[in-house]
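[1] Coordinates only, no sequence provided:
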């Protein structure tokens, strides 16, 4: 039986949020480790589809302490560039990442600390940063007849490139950024693309990119300005604008059920389809924290005060969305909340 390894702070996840936390922890001198379930660096960026581009220029897609370099020939870098940047960032700051290590459960230790049980032994820590993101928990809604459809079904996580759907009739489900981008990506390759959403799709003004979104979120923190949701839901990236302007990107309301041949819509019509791509979002990957009994917040989430779990000052949640810090699920935004989390942890331990 392997001995319990001990650190003052344990970070779970080595995507952008976990690395930002590691950067600030390195500056404190605290003893810490980062556990990553993935076999390679790069976080979720290493899994995105081929044509994906960041919403922001490289200079506005940077983690603390190291600007993202530009990508040759691209105003907005692609996902592979972002993954390489995270790998270089991890190496540059000599962050103590252990992989692949999957954290199975976090429990109370008898001495007031925490025990993280993994598939590679147990770690003892006095404070924990959960930065596992949501990529490992894709969400697909319970639609009547979903098991009857005889065509191909996949989630955003399984989409790679438009060429894989050449000549196919594809239904793309979801009114967010991934739904709009994948529907736009498929035009010109698929024989037919039908984009369906629960409510009318709202594209942000064309001039709004990730840089502007971060500035809007920053103004909200300081007490003024509109909410992003007041302006729209979808960033009008260049491919999305091109498909929209060509009349190839029109949203339709959600179907009511699936049949073996394809979706049935409210008017009773069944539209034959070869594939359905569920761009229906994710849920936070937080099962490892279940033994601590922290849930009870809004919508069944863990209640937080900033990044700290309201019920347990030893635990911080980083990068899961605005409920764990404004813009905390973005490259440029996670640094601010990581700094806050590490400052609170340092105060707790010292």
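    Received the coordinates, thanks. The structure displayed is predicted, hence computed values, not measured ones.
[2] for the stretch 201-350 of the chain, what are the low-confidence residue spans?
    Applying pLDDT under 70 to the stretch 201-350 of the chain flags residues 210, 212-214, 216-231, 297.
[3] show me where it has strands.
    Taking DSSP state E, counting those that start in this stretch as the test, the strands found in the stretch 201-350 of the chain are 251-253, 257-258, 263-264, 275-278, 304-305, 308-309, 312-317.
[4] Any idea how many residues pack against the closest residue to residue 258 other than its chain neighbours?
    In this structure, residue 258 finds its nearest non-sequential neighbour in residue 145, 3.9 Å apart by C-beta to C-beta, 6 or more residues apart in numbering. From N, CA and C alone the C-beta is placed, and that goes for glycine too. Neighbours of residue 145 under the rule other C-beta atoms under 10 Å: 14.
[5] contacting residues around residue 77?
    53-54, 57-58, 61, 68, 70-71, 85 (C-beta atoms under 8 Å, 6 or more residues apart in numbering).
[6] Now rank those by neighbours and give me the top one.
    residue 85 (26 neighbours).
[7] wait, doesn't that residue sit right on residue 69?
    Yes. Counting by C-beta atoms under 8 Å, residue 69 is a contact partner of residue 85 at 7.3 Å.
[8] just to revisit the earlier point, and of the strands of the stretch 201-350 of the chain, who's closest to residue 28?
    Of all those, strand 312-317 sits nearest to residue 28, with 13.8 Å by C-beta to C-beta.
[9] Now do the buried residues in the closest one.
    Of the residues in strand 312-317, 312, 314-317 count as buried by neighbour count, 16 or more other C-beta atoms under 10 Å.
[10] and if you look at stretch 274-281?
    So stretch 274-281, judged by 16+ other C-beta under 10 Å, has buried residues 274-281.
[11] Scan the protein for its longest helix.
    helix 334-349 (DSSP state H).
[12] what angle do it and strand 312-317 make?
    Comparing the axes of helix 334-349 and strand 312-317 via axes from the mean of the first three to the mean of the last three C-alpha atoms, to 10 degrees yields an angle of 160 degrees.
[13] For residue 325, which non-adjacent residue is closest in space?
    Using C-beta to C-beta, 6+ apart, the nearest residue to residue 325 is residue 337, at 3.2 Å.
[14] Tabulate the contacts of residue 77 (TSV), appending secondary structure.
    Output for the contacts of residue 77, formatted as TSV (DSSP: H, G, I helix; E, B strand; the rest coil):
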residue	secondary structure
53	strand
54	coil
57	coil
58	helix
61	coil
68	coil
70	coil
71	strand
85	helix
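[15] tell me which of those is nearest to residue 180?
    Proximity of these to residue 180 was ranked by C-beta to C-beta; the top entry is residue 53 with 12.9 Å.
[16] Test for you: state the pLDDT assigned to that closest one.
    pLDDT recorded at residue 53 is 93.
[17] Centre of the chain to stretch 43-60, how far?
    11 Å (C-alpha atoms, centre = their mean, to the nearest Å).
[18] oh, I was asking about stretch 15-25
    Offset of stretch 15-25 from its chain centre (C-alpha atoms, centre = their mean): 15 Å.
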